[in-house]
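>>> This is a predicted model, with the sequence first.
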Amino acid sequence: MKAFAIALLLIMFFSSCTEKEGKIDKKAEQFTSEIIELKEYFKIPGLAVSIEKNGDNIYREFFGVSNVENGTKIDSTTLFPIASITKIFSGVMIMKLVEQKKLSLDDPINKFLPRPMLGDSILVKHILSHTSQGNVGKNFYYSSRFGLITNVIEKVSGKSFSEIMEMEILTPLKLKNTFFLKDSTQISDMAKPYILDNGIETGFIDYGYSSSAGIVSNSEDLAIFNSALDNNLIINSKSKDILFTSFGSNLPYGYGVFNQQFQNLNMVWAYGQYDCYSSLLLKIPSENITLSLLANNSLLSDPARLIYGDATSSLFALSFVKNYLLELTEMPLFEKQDSISQTFSNAEFHKKKILGQALAESYMARFDPEKIKSSAKLLNHVFTEYPNYLEYANLNLLHNLSFLKDVVFYMELGEFNDFDNEIEYIGKKILEQEPNNPYAHLYLGTLYSRKGHKEKAKYHFESIVNAKNFSENWYTNEAQQWLNEN
């Protein structure tokens with residue numbers, strides 16, 4: 001009887017293990033198929049993907065090639081420029097200096113600059129959190145001013161930016177495959193850059209580095225850096241909490257890293273985007289799980305407009321969350337062209353997923369005009385199923401609607417008056433909350449200009465150009481050019 005009981009327990013144990021392995025395999029299998037689907041959809045030559053959970057690597061795969069011309073496969077030795085993911089490293093360095101009592105986040109940024117450049121009310125923490133523009137400390141606008149953190153780190157440490165970063169972070173963590181990109185002598189193991197234009201074309205490398213961008217790394221080193229963060233080996237837990245916490249309750253950014261809530265999950269993330277490389281790092285601290293992706297064109301990041309602060313606009317991020325956090329493996333990532341699936345058990349996620357695909361379709365319409373129709377179909381489906389669109393509208397949705405009109409306009413495809421009302425109402429809603437939002441002003445100004453409402457257009461373009469405490473950006477130049485011509 002005793003032997004029978006032991007045998008029964010063993011059967012139950014191994015059965016349980018098999019079930020758990022089956023679940024893990026199902027997640028990995030579905031995630032892999034979706035990553036391959038996304039890679040092909042966005043025509044990404046090569047992609048490195050890694051997932052760490054509880055300190056262990058549970059998924060690491062390499063897809064495609066680092067060199068299209070000779071067919072060299074992506075592998076564990078392949079290096080990628082990580083662009084703005086560099087900002088996390090810079091944020092960590094700032095917190096180390098704070099811990100060493102060499103710096104206060106409340107110091108004025110002008111204290112560290114060769115000459116005063118910004119208002120005295122702008123502090124180091126405002127630069128770190130991208131809240132230095134417009135109403136200081138109140139609004140998030142991703143800004144090139146983050147590069148001023150280079151000056152802060154150098155002045156406080158008394159060393160060059162690369163020296164102090166290597167001394168305090170890279171060398172202690174033994175990040176042997178991580179360095180600052182200076183020149184062409186360093187690129188032997190780097191994935192070759194590509195750009196999507198008339199097919200996949202050879203691109204170029206952005207040399208140079210600062211607190212904003214410039215680090216080169218790979219999946220293994222990013223996993224080491226991530227583990228050190230999780231285990232408080234570089235900065236203490238208090239500093240990490242400050243780093244990861246949103247600067248304000250309605251703001252999507254902490255100190256060098258994004259932070260947002262979605263489906264009862266706290267998502268801490270960063271993205272990188274050069275013209276010919278892109279990257280994504282997404283952490284769910286409560287589950288101690290982290291995703292990293294590295295690509296050798298820009299389409300891992302660019303189509304999702306991650307600059308607006310919403311990771312759930314990325315189909316890559318949604319695939320990870322769907323399979324590894326929400327266990328919605330039965331839900332397809334992409335909707336079919338001829339039919340849109342019925343709402344699944346998680347209606348909110350289903351809506352986000354369709355909006356994410358609509359945004360991607362609008363971007364890819366630049367290369368295939370048929371995707372104008374498919375993006376519009378997805379959007380109309382969401383507006384029909386969830387008619388109170390002002391409740392969930394954001395800049396990403398406004399961009400999607402406006403970008404479709406841009407594609408039609410620049411390709412000279414004729415009239416496209418779809419979504420005019422939605423653009424107007426969403427733009428006005430955003431401006432009620434943020435009167436100086438340059439993106440909303442640009443989208444509305446462009447809409448009115450093309451419809452012949454020049455006075456209305458002028459108001460929005462002048463609002464961009466005349467806004468106080470904004471550094472010059474591409475939208476400033478576009479607004480000024482319109483005003484000069486009209």
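Good, I have the coordinates. Numbering: from 1, shown residues only.
>>> per-residue pLDDT, the nearest residue to Lys53 once chain neighbours are set aside?
Distances taken as C-beta to C-beta, 6 or more residues apart in numbering place Ile289 nearest to Lys53, at 4.3 Å, with adjacent residues excluded. In short, each C-beta sits where N, CA and C put it, glycine included. Per-residue confidence (pLDDT) for Ile289: 98.
>>> Also Phe140?
97.
>>> now swap in Gly119 and tell me
pLDDT, Gly119: 93.
>>> which ones are touching it?
136, 469 (C-beta atoms under 8 Å, 6 or more residues apart in numbering).
>>> ok, back up a step: what's opposite the residue nearest to Lys53 in the beta bridge?
Note on Ile289: beta-bridge partners by DSSP bridges are Lys53, Ile284.
>>> if I look at it, how far off is Thr329?
From Ile289 over to Thr329 the distance is 16 Å, taken as C-beta to C-beta, to the nearest Å.
>>> which stretches of the stretch 51-200 of the chain form strands?
56-67, 72-73, 80-81, 179-180, 194-197, 199-202 (DSSP state E, counting those that start in this stretch).
>>> which one of these lies closest to Val156?
strand 179-180 (18.6 Å; C-beta to C-beta).
>>> ok, and what's touching the closest one?
162, 165, 170, 186, 209, 214-216.
>>> Would you mind measuring from Ile85 to Leu282?
11 Å.
>>> So those two - more neighbours on which side?
Using other C-beta atoms under 10 Å as the criterion, Ile85 and Leu282 rank with Ile85 on top: 27 against 22.
>>> Run through the residues that contact the more buried one.
Applying C-beta under 8 Å, 6+ apart, the residues near Ile85 are 215, 222, 270-272, 279, 281.
>>> Run a quick check on Ser90 versus Gly256, I expect a contact.
Yes. With contact defined as C-beta atoms under 8 Å, Ser90 reaches Gly256; the gap is 5.6 Å.
>>> So for those two, which residues contact both of them?
Common neighbours of Ser90 and Gly256 (C-beta under 8 Å, 6+ apart) are Phe146.
>>> Now do Leu113 against Tyr255, distance only.
For Leu113 relative to Tyr255 (C-beta to C-beta), the value is 19 Å.
>>> which residue sits closest to Val98 in space, ignoring its chain neighbours?
Nearest to Val98 is Leu105, by C-beta to C-beta, 6+ apart, at 6.3 Å.
>>> tell me the pLDDT at Lys182?
In this model, Lys182 carries a pLDDT of 96.
>>> Nearest spatial neighbour of it, chain-adjacent residues omitted?
Per C-beta to C-beta, 6+ apart, closest to Lys182 is Tyr207, 6.6 Å.
>>> Please apply the same query to Leu413.
Leaving aside its sequence neighbours, Leu413 sits nearest to Pro369 (C-beta to C-beta, 6+ apart; 6.4 Å).
>>> Against Asn288, how distant is that neighbour?
44 Å.
>>> Leu315 touches Glu335, doesn't it?
No. Counting by C-beta under 8 Å, Leu315 sits too far from Glu335 to count as a contact (11.2 Å).
>>> Who has more neighbours out of those two?
Leu315 (25 against 19).
>>> For that one, give me its contacts.
Shown in contact with Leu315 (C-beta under 8 Å, 6+ apart): 38, 304, 333-334, 353, 356-357, 360.
>>> Pretty sure Ile127 sits against Ser144.
No. In this structure Ile127 lies outside contact range of Ser144 using C-beta under 8 Å: 10.5 Å.
>>> could you pull out the helices for the stretch 251-400 of the chain?
Taking DSSP state H, counting those that start in this stretch, the helices of the stretch 251-400 of the chain run over residues 315-320, 347-364, 370-385, 395-410.
>>> now Glu432: how far from Ala393?
Separation of Glu432 from Ala393 (C-beta to C-beta) stands at 12 Å.
>>> Can you pick out the residue with more neighbours from those two?
Taking other C-beta under 10 Å, Glu432 and Ala393 do not tie; Ala393 has more neighbours (17 against 10).
>>> burial count for Phe180?
19.
>>> still on that earlier bit, please say which of Ile127 and Ser144 ends up with more neighbours.
Ile127 (25 against 11).
>>> tell me the contacts of that one?
Contacts of Ile127 (C-beta under 8 Å, 6+ apart): 109, 145-146, 148-149, 152.
>>> where along the stretch 201-350 of the chain do the strands fall?
Under the criterion DSSP E, counting those that start in this stretch, strands of the stretch 201-350 of the chain are mapped to 215-217, 258-262, 265-273, 278-284, 289-295.
>>> how about those, which one is nearest Asn54?
When these are compared (using C-beta to C-beta), the closest one is strand 289-295, at 7.8 Å.
>>> in the closest one, what counts as buried?
Using 16 or more other C-beta atoms under 10 Å as the test for burial, strand 289-295 gives 289-295.
>>> Stretch 454-467 now?
456-458, 460-465, 467.
>>> quick one: which of these is nearest Gly203?
Ile464 (30.1 Å).
>>> related to what we said a few turns ago, in terms of neighbours, single out the busier of Leu113 and Tyr255.
The residue with more neighbours, out of Leu113 and Tyr255, is Tyr255; 27 against 14, by other C-beta under 10 Å.
>>> From Leu306, how far out is the more buried one?
18 Å.
>>> Show me which of the contacts of Leu315 is closest to Ala440.
Looking across these and measuring by C-beta to C-beta, the closest to Ala440 is Ala304, at 18.5 Å.
>>> Just the pLDDT at Ile11, thanks.
The model reports Ile11 with a pLDDT of 37.
>>> ok, now Ile6?
pLDDT, read off for Ile6, is 41.
>>> next one: Gly22
At Gly22, the model reports a pLDDT of 48.
>>> rewinding a little: now do the contacts for the residue nearest to Lys53.
51-54, 283, 324-325.
>>> what does Lys352 give?
Here Lys352 is in contact with 262, 312, 318 (criterion: C-beta under 8 Å, 6+ apart).
>>> excluding its backbone neighbours, what's nearest Leu97?
Leaving aside its sequence neighbours, Leu97 sits nearest to Leu103 (C-beta to C-beta, 6+ apart; 4.3 Å).
>>> and that neighbour, what does it touch?
So Leu103 contacts 94, 97, 124, 152, 156 (C-beta under 8 Å, 6+ apart).
>>> mind checking which helix or strand of the chain has the lowest mean pLDDT?
Within the chain, no helix or strand scores below helix 2-41, which has a mean of 65 by mean pLDDT, DSSP states H and E.
>>> Would you agree Ala83 is in contact with Ser278?
Yes. Between Ala83 and Ser278 there is a contact under C-beta under 8 Å: 7.1 Å.
>>> out of those two, which sits in the more crowded spot?
Ser278 (32 against 24).
>>> Report the beta-bridge partners for that one.
Here Ser278 sits in beta bridges with Gln273, Ala295, as judged by DSSP bridges.
>>> Mind pulling up the pLDDT for it?
pLDDT, Ser278: 98.
>>> For it, give its distance to Ala28.
Counting by C-beta to C-beta - Ser278 and Ala28 are separated by 23 Å.
>>> Thanks again, I'm all set now.
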